[in-house]
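this is the structure alone, sequence omitted:
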Ligand code: ADP
Ligand code: ZN
């Protein structure tokens with residue numbers, strides 16, 4: 001049941017001792033980069049001054065902008081000859097950042113991806129179809145290497161080409177897929193179009209869904225339709241990519257691999273650490289990275305540590321599903337709203353289809369939120385009063401959660417722009 005029993009179930013003090021040892025090595029490693037060498041000198045930081053894990057609080061934080069400002073090689077802690085791979089972030093919030101890996105970095109990354117997949121029950125007799133973009137995006141090769149490490153037959157399907165994906169699943173009896181949740185939702189209508197029932201006509205039993213925020217309701221909707229168990233997969237290119245945190249069979253939070261990463265949750269305003277249980281921004285330090293180690297990286301992702309042990313026996317702490325990025329927060333009439341709140345409500349309303357889009361407009365006196373929601377085709381046939389009833393119900397549901405009254409437009413299936421990568425949920429047309 002464990003990929004590496006000893007490390008996955010190491011008791012807290014053992015884990016912390018390992019983290020401290022690796023943190024010290026990392027601090028001596030980062031000094032070799034142009035960026036940290038300068039920062040350490042400017043701030044008068046002595047790498048050997050770190051004696052306990054709590055001392056990490058005195059180390060500088062690193063942001064995406066720091067990576068961008070020292071693009072492309074400012075964070076390299078080894079000579080270029082040592083590198084074997086480059087990846088980049090998706091560029092969701094601006095210019096993409098690049099990350100370089102040594103052979104050892106790739107091995108470490110592959111191992112935590114394999115560990116994560118194995119944890120969910122995937123074995124060498126599984127057939128794994130990786131429906132993620134290959135290339136610079138880490139979701140392709142990251143999972144690919146992990147699956148091969150387990151020894152599973154791996155189909156590098158890549159993203160898009162929906163009908164072919166379904167054909168591959170049927171022809172090669174795929175059991176396990178890796179897919180972006182919004183794309184999995186879109187694929188449901190393609191399954192319907194080609195009259196294939198994934199529960200009856202495929203061998204799918206497991207999916208890894210990640211790369212973007214999604215609600216529990218969204219997971220349920222996918223699990224009900226496909227008949228698989230969907231495991232939340234969290235990662236970011238700056239730390240390696242997928243494999244940073246992953247759900248175990250308990251599906252109650254994601255184990256974050258603490259032998260590879262030092263985890264902090266901070267208050268994004270004061271930058272002070274928060275205790276387990278409190279929601280804040282996830283901050284991560286690489287502990288086994290040679291090529292491009294990063295200290296206290298501000299992920300901008302909001303979550304909390306779930307206190308207490310997990311029933312699976314793993315000791316690595318769990319984070320709750322990501323609520324969103326601090327960048328994604330919409331402020332309307334003084335109310336803070338995350339797209340996931342809207343998704344959660346929409347996924348719970350019968351009749352709602354597979355896509356939606358939030359548009360923010362500045363009206364004469366106030367801001368306006370328009371939500372375009374795809375609904376099932378039957379609503380556009382026959383008695384249109386049903387459509388109006390559904391629309392009112394959606395407005396009421398949303399109002400109860402986000403406290404403002406959005407304008408809801410119901411649209412036909414497949415009419416909104418769809419993405420093969422991360423879904424773009426919000427268009428902000430407000431001018432400052
Ligand atoms: P970018 O930051 O440009 O999107 P990445 O491809 O490295 O580049 O994506 C990492 C980010 O994707 C994370 O910081 C997080 O915001 C989001 N993400 C990844 N996995 C998940 C997940 N399971 N749930 C929510 N958000 C996720
Ligand atoms: Zn667990």
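Everything's here; your move. Treat the numbers as computed from the prediction; the structure is a model and nothing was measured. Ligands and ions are numbered 1, 2, ... in the order given.

tell me where the stretch 1-150 of the chain has helices.
Applying DSSP state H, counting those that start in this stretch to the stretch 1-150 of the chain gives helices spanning 5-8, 12-30, 34-43, 64-69, 103-119, 138-150.

neighbours of the residue nearest to residue 83 when sequence neighbours are not counted, how many?
Once flanking residues are discounted, residue 83 sits nearest to residue 100: 4.8 Å by C-beta to C-beta, 6 or more residues apart in numbering. To be clear about C-beta, it is placed using only N, CA and C from the backbone, and glycine gets the same treatment. Neighbourhood size, residue 100 [other C-beta atoms under 10 Å]: 21.

residues of the stretch 301-432 of the chain that sit close to ligand 2?
For the stretch 301-432 of the chain, the residues in contact with ligand 2 (C-beta under 5 Å from the ion) are 310, 312, 314.

among the residues you listed, which one sits closest to residue 227?
Nearest to residue 227 among those, counting by C-beta to C-beta, is residue 312 at 22.8 Å.

my read is that closest one is in a strand, agree?
No. The assignment for residue 312, made by DSSP: H, G, I helix; E, B strand; the rest coil, is coil rather than a strand.

which residues does it contact?
With contacts defined as C-beta atoms under 8 Å, 6 or more residues apart in numbering, residue 312 is in contact with 119, 248, 249, 250.

what is the burial count for residue 252?
14.

what's the spacing between the residue nearest to residue 83 and residue 326?
Distance of residue 100 to residue 326, given as C-beta to C-beta, to the nearest Å: 27 Å.

before we move on, what about residue 198?
From residue 198 over to residue 326 (counting by C-beta to C-beta), the distance is 36 Å.

residue 130 touches residue 152, doesn't it?
No. In this structure, residue 130 is not within contact of residue 152 by C-beta atoms under 8 Å, at 10.4 Å.

of the two, which one has the most company?
More neighbours surround residue 130 than the other of residue 130 and residue 152, with 25 against 21 (other C-beta under 10 Å).

contacts only, for the more buried one.
Residue 130 neighbours (C-beta under 8 Å, 6+ apart): 139, 140, 143, 144, 147, 154, 155, 156, 157, 158, 177, 178.

residue 102 contacts residue 80, doesn't it?
No. Contact criterion C-beta under 8 Å: residue 102 and residue 80 do not qualify, at 10.5 Å.

give me the more crowded residue out of those two.
A count of neighbours by other C-beta under 10 Å puts residue 102 above the other of residue 102 and residue 80, at 19 against 9.

which residues does that one bridge with?
residue 83 (DSSP bridges).

near ligand 1, which residues of the stretch 251-400 of the chain?
299, 301, 322, 325 (C-beta under 6 Å from any ligand atom).

of those residues, which belong to strands?
Using DSSP state E, the subset of those located in strands is 299, 301, 325.

in a markdown table, list those along with pLDDT.
Formatted as a markdown table, those follow (pLDDT from 0 to 100):
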| residue | pLDDT |
| --- | --- |
| 299 | 98 |
| 301 | 98 |
| 325 | 94 |
